[in-house]
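1. have a look; sequence and predicted model below, questions after that.
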Amino acid sequence: MVHFQNKNHILMWLEKNCSRKTIVRALATEGEIELLGGFSQIPPTSHPGWIVQITSVHGRTWYVAVIAYQNRYGIRILSKVPWQNWIGGKSELMNGDNPKRYERLKCKINFI
């Protein structure tokens with residue numbers, strides 16, 4: 001099993017393993033990419049993972065989850081981010097690119 005050490009490792013793995021050509025193209029050359037960090041569960045599964053927000057040059061946005069289960073990873077395209085499950089942490093991978101913003105989003109969801 002691959003062990004991701006930083007954002008670039010996740011992005012390279014996604015580029016190699018994602019079956020959607022538009023997402024791969026956005027990853028490889030033309031898109032904006034934001035690592036949203038670690039999540040304790042990524043619905044509809046109960047497995048943890050990371051979510052990456054990918055936006056093409058044409059403005060199309062995908063929330064792509066890399067889900068860790070057993071001894072492998074899977075990919076799921078999400079319609080929304082489950083902020084209530086964001087866990088953050090001490091590493092870049094768990095915190096994501098903007099942890100203060102994500103903490104606010106998590107608190108906002110949990111407050112409602």
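-> Structure's in. What do you need? Predicted model, so just to flag it, every value in this text is computed and none were measured.

2. got the buried residues for the lowest-mean-pLDDT helix or strand in the chain?
-> Sorted by mean pLDDT, DSSP states H and E, the helices and strands of the chain end with helix 99-111, the least confident at a mean of 83. Burial within helix 99-111, assessed by neighbour count using 16 or more other Cβ atoms under 10 Å, is assigned to P99, Y102, L105, K106. Where C-beta positions appear, they are placed from N, C-alpha and C, glycine not excepted.

3. phi, psi for the closest residue to Y69 other than its chain neighbours please.
-> In space, and not counting its chain neighbours, Y69 is closest to H47: 4.4 Å by Cβ to Cβ, 6 or more residues apart in numbering. Backbone torsions for H47, taken as degrees, to the nearest 10, come to phi -90, psi 150.

4. can you tell me how far H47 is from R101?
-> 24 Å (Cβ to Cβ, to the nearest Å).

5. thinking again about what came up before, can I get the buried residues of helix 99-111 in JSON lines with distance to K16?
-> As requested, these are exported to JSON lines (distance: Cβ to Cβ, whole Å):
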{"residue": "P99", "distance to K16": "27"}
{"residue": "Y102", "distance to K16": "26"}
{"residue": "L105", "distance to K16": "29"}
{"residue": "K106", "distance to K16": "30"}
